[in-house]
Each structure stands twice: as C-alpha cells, then as structure tokens.
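Q: quick one: sequence and predicted model below, then my questions.
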Amino acid sequence: MQVELKHVFKTFRHNGSAVEALHDINLTVADGEFVCLLGPSGCGKSTVIHLVAGLDRPTAGEVLVGGRPVAGPDPSRTVVFQDAALFPWLTVLGNVEFGLRMTGVAPSQRRARAMEYLRLVHLSKFIHAYPHQLSGGMKQRVALARALALQPGILLLDEPFAALDAQTRAVLQNELLEIWELARPTILFVTHNVREATGLADRVYVISSRPGHIRDVQAVAVPRPRHAEDKALLALQHNILGLLGDEVEKVLREELGETVHFPEAQHAVPPEQSRGMHI
Amino acid sequence: MRRLLKPIQAVALLYLLWQVTSWLFPAWPGPSRVLEILWAQLQDPGFQTALWGSARRMAIGYTAVVIVGIGFGLLIGRLPLLDQITGSLAVALHAIPGAAWVPLAILWFGMTERAVLFTILLGASGIVMVSTDTGIREVPPLVRRAAQTLGARGVKYFWFVVVPAAIPKMVDGLRLAWAFGWRALMAGELLTSVSGLGQRLNQVAKAQQLDALLALMLLLAMVGVVVDGLVFKRLEQAVRVRWGLL
Ligand SMILES: Nc1ncnc2c1ncn2[C@@H]1O[C@H](COP(=O)(O)OP(=O)(O)OP(=O)(O)O)[C@@H](O)[C@H]1O
Ligand SMILES: [Mg+2]
C-alpha cells in the first residue's frame, strides 16, 4: 500500500492558543518502500504517524493510503508508539495476541503466531510477565511484536528503538530489515538518529521544526546489507547533520529560553563528533 | 514481620491510652475488662447467632452492591444518553448518607431483613456506579489509540479495553462501598428488629451496659479494619502495581 501526504497542515488548538505542528507536508512512501522521518524533537514526526494511522485528522490537505483518504484507524496499518503503550492488564503474550483476537484470528492460530513474533524480538522467556515487570527496551520490543503479529501492509514506527542499548538496537534493526524483506510492508520509521535513518531507509525525509516542514529528501543509494563505515553512508550522514546542525540549537533555545549558552568550541568540531549521531 | 511492627505499636499505644483514661475516670471501663466481655460474648450462642446474621446480611448486601453498582456503572458509562439522565442520579444516590434510607426501607419492607438489605444496597451502590462510570470515561488516550490501531471496535473494544482500563477506579469504589455498606448495615439493624449486631447495640445501650456497648463497638471497628486491610487494601495495591499506577 502506498502512503501519500498532500499539502498537509496540522494546527493544534488549545484554549485559544494555536500551535502549528505541520506546515505543507508533501510526502510519499511507495508500496513496500522503507522511509525514515528524521528531525529534531517537536518537529511533528509523531503527528505524521498519527495522521497516517488515522488517529488524528489533518487541519488541511489529504492523507491517502492506497489512493484513498484515511478515514480512521485500521489493523492493516499498525503502529509502534513512541512510549510502547502496552495494555498493563495483559501479559506479554496477551498483548501480542490482542490484535489477533480483535481481528478474529482463531484461538489456535493466535498463540502460535504471537509466539513466532515474540521469538523474533527475543522475548520468548518473558511471555507470562506483565508490562510493569519489563524494562523500557523490553516493552518496546513487545510493542514491535504486537504490531508485526497483525502482518500489516503498512507499519508505522515511532522511535521504536530509542530506549534500547546499541547492541540490542542493532539486532532488532536487522530483524526489522529481515521482516521487511520477507513480507515487504510499507514502512514509515521515525527516528532522531541519523545513523539509524541512513542505515535502514530507502529514503530519508529530513524535517525541520516550528512549524514542521520538509527540509530535504535524501535517497540512500547504498545496497543492503550496509556497513557502518561505508564511505557513501558517512558522507550522507555528514550532509544531513550539517543541514540540521543549527536546527537543534534553535529548538533548545526556544524550549529552554535564551539563558542557555552553547559553547563556541562546539562549532569548531565536526557535528558527528560533538553530538554523536543523535540530533 | 517488619511490616507488622507499626500497626502493633499503634495498637499498643491505643491500649495504653485507654488504660490510663480508665484509671483516671473509674466509670469508664478499661480495655482488659472490655476485651474480657467481648471474649465472653463471642462464646455466647445468642451472640453468635446475631454475629452470623449480620455477616450474612453484609455478604448478601455487598454482593448485590457489586452487581448492581458495576452493572449500572457500565451501563451509564456505555450509553451517553442514559448517562445524561441517570448519571446525576447516581451522584445524588451517592450523596445520600446510608442511614437516611432506613425510614424508607421500613416504610416499604417493614422491620425486616429486606429493609436492611435495601439500606445496604442504596447506601453503598452509588459510589460503585460513580467510580465505574468515571473509570470507563477515563481510558488513557495512549491505550485507546493502541487498541484502535489493533482493530478493537464496538463491543470488543468495550469489553477488552474500556472495562479492564476502568478496573483500578472500580476497585477504589468497591473499597469505599465496603465501608459504606458496613455503616448502612449497622444503621439498618439498629432501627429494625432483625437479630444482628445493630440490634445488640440497641439492647446493651438500653440496659446501660457501657462495657458491653464498648465491646461491641470494638468488634465493629476490628471487623472494619481487618476486612479493609486484608482484602481491599491488598487488592487495591495489587491492581495499582499491575496497572502501572505506582
Ligand atoms: N495533542 C496535542 N495538542 C497540542 N499540541 C500538540 C499535540 N500533539 C502535538 N502537539 C505539538 O505539535 C508539535 C509536534 O509534536 P510531535 O509530537 O509530533 O513532535 P515529534 O517530532 O514527535 O517530537 P519528539 O521527537 O519529541 O517525539 C509540538 O510542538 C507539540 O507541542
Ligand atoms: Mg514523537
């Protein structure tokens, strides 16, 4: 299924004051394509995910899936939310089976299918645990298994690996790529991490904030499997970081007030060294 | 053991204070005397009948409160129109002190057991309805969104998402309802002629047996505290932990 946003605007109104979260967003994800949204905090990435999921409506413009306007949420478009959003009263297994139960998968198949995806995220040993007994990273993996178990045509991932350590993150990134190559869902993947975006995606949309708008689109013309030290990849990362370098400071200034001082020295250092790969 | 230390200290302190006041005012029976009477009462078959009568009434009444309270709470939570009409009714119901139902209960059912049960039901189910209704409306947005994207709709959404999400609020209501029901039971038994602890209170008060009266009141307090502590506090704690509210 293809995803398309045409001239999408989104303004949140709150007791008289208005926040423009998205400004004239035009974006497409081809059927079976892996696209990353990359941008600083507050630029509207989660808002885009919610719009495509059908959990929210644009103020203006169109959100199309397979050429048709999105009317509401649908189990063919599952989401891994930024904060996992597990059901606290269900076990790990219960959470993964939930969508299967809702969509009427037979009880005998439910268990097997849920177990299959739990194995994939390395949680087979924790199927009877409750969410409050899990670490942040484990919760996020349950949420991933829960979204995958429905075998959706479109998978929406909102910083799914942000809470994980580097190793687990790498393992799960590879597993996600394997699933993607096998089942070919259309993937819209949100991240703060430049290396993650360029490592995974076919194309990266770079988003700027206040209001959120698309700053640039970069195709990642590096064949998979990709190596972290690949020259073209590093060049691309450098390019994107340069594009967003001052952006991050701008956002922090607005959020924290003018009292924040950024050491001059930082500008002398290449961005990927001073800030790592996170923007 | 550690956990028990504080309650034991508190009880010991109360006992001591009571003892001291009974030395200062000789007309005021001391704790050892009251406990002795309570012990003797508990052996007495007539008293045991009264105790079991109260326990049975409380069990039946509270079960009815749970069923009616949660049932109506779910109903008004589910049907917005019904809620507009009867939701404020539940709040009003909850605002009337349990004892205030006794005269009406006697008018309708006479000085019978039914009157007592009616008093418990009306005295305690309002809070369960109100808290169930509140729980149902306050499904956390994150949970709602996750459920919707996973295909939960209509009746399934209600039973598999809304109801479990409301359980912590329901448990709060059930705990309060226990306390309200216990009060309503006593009010009902005091004013009707059903054999129970309330009636016993009446009898010993009329006979001016201060020590026996205190023994009964001590029993009422103990039952209330023990049931709340052993059942409801634990239940509430367990639910809070699992629902991630701690
Ligand atoms: N429900 C809402 N009501 C009001 N404002 C909102 C709402 N949701 C988002 N916003 C605002 O819209 C803007 C974009 O929010 P969004 O959550 O999409 O950002 P984000 O890019 O996902 O940020 P982060 O990387 O920190 O998750 C922010 O300024 C935020 O304050
Ligand atoms: Mg976000």
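A: Great, that's in hand. Numbering: from 1, shown residues only, chains lettered A, B, ... in the order given. Ligands and ions are numbered 1, 2, ... in the order given.
Q: any idea how far the residue in chain B that ligand 2 sits nearest to is from residue B:149?
A: Going by CB to the ion, ligand 2 is nearest to residue B:142 of chain B, at 12.5 Å. All C-beta spots, glycine's among them, are computed from the backbone N, C-alpha and C. For residue B:142, the distance to residue B:149 (CB to CB, to the nearest Å) stands at 11 Å.
Q: more neighbours: which of these two?
A: A count of neighbours by other CB atoms under 10 Å in any protein chain shown puts residue B:149 above the other of residue B:142 and residue B:149, at 29 against 14.
Q: residues in contact with that one?
A: By CB atoms under 8 Å, 6 or more residues apart in numbering or on different chains, residue B:149 lies in contact with A:53, A:54, A:55, A:73, A:74, A:75, A:77, A:78, A:79.
Q: and it, what are its phi and psi?
A: Taking degrees, to the nearest 10, you get phi -70, psi -20 for the backbone angles of residue B:149.
Q: quick check, pLDDT for it.
A: Taken from the predicted model, the pLDDT recorded for residue B:149 is 96.
Q: cool, residue A:257 as well?
A: pLDDT for residue A:257: 53.
Q: got a list of what residue A:109 touches?
A: Residues near residue A:109 by CB under 8 Å, 6+ apart: residue A:100.
Q: in three-state terms, label it for me.
A: State at residue A:109, reduced to three classes by DSSP: H, G, I helix; E, B strand; the rest coil: helix.
Q: check the gap between it and chain B for me.
A: 15 Å (CB to the nearest CB, to the nearest Å).
Q: low pLDDT regions in the chain?
A: Looking at chain A here, since you left the chain open. Under the criterion of pLDDT under 70, the regions of chain A flagged as low confidence span A:246-279.
Q: not what I meant, chain B
A: Along chain B, the parts satisfying pLDDT under 70 run over B:1, B:87.
Q: mind listing the helices for it?
A: B:2-24, B:31-43, B:45-78, B:80-95, B:102-109, B:113-137, B:141-149, B:154-157, B:163-191, B:197-206, B:210-227, B:234-242 (DSSP state H).
Q: what angle do the fifth one and helix B:113-137 make?
A: Spelled out, it's helix B:102-109. Between the axes of helix B:102-109 and helix B:113-137, defined by axes from the mean of the first three to the mean of the last three CA atoms, to 10 degrees, the angle is 120 degrees.
Q: and helix B:102-109, which residues are buried?
A: By neighbour count, and taking 16 or more other CB atoms under 10 Å in any protein chain shown as the criterion, the buried residues in helix B:102-109 are B:102, B:105, B:106, B:109.
Q: over to the last one?
A: Within helix B:234-242, the residues that qualify as buried by neighbour count (16+ other CB under 10 Å) are B:236, B:239, B:242.
Q: among these, which one lies nearest to ligand 1?
A: residue B:242 (27.2 Å; CB to the nearest ligand atom).
Q: so what's that closest one up against?
A: Neighbouring residues of residue B:242 by CB under 8 Å, 6+ apart: A:88, A:89, A:130, A:132.
Q: gap between it and residue B:126?
A: From residue B:242 over to residue B:126 (counting by CB to CB), the distance is 27 Å.
Q: dump the residue contacts of residue 116.
A: This is for chain A. With contacts defined as CB under 8 Å, 6+ apart, residue A:116 is in contact with residue A:149.
Q: nope, chain B please
A: Under the criterion of CB under 8 Å, 6+ apart, the neighbours of residue B:116 are B:57, B:61, B:105, B:185, B:188, B:189, B:192, B:194, B:196.
Q: repeat the analysis, applying 7 Å as the threshold.
A: Going by CB atoms under 7 Å, 6 or more residues apart in numbering or on different chains, residue B:116 touches B:57, B:185, B:188, B:189, B:192, B:194.
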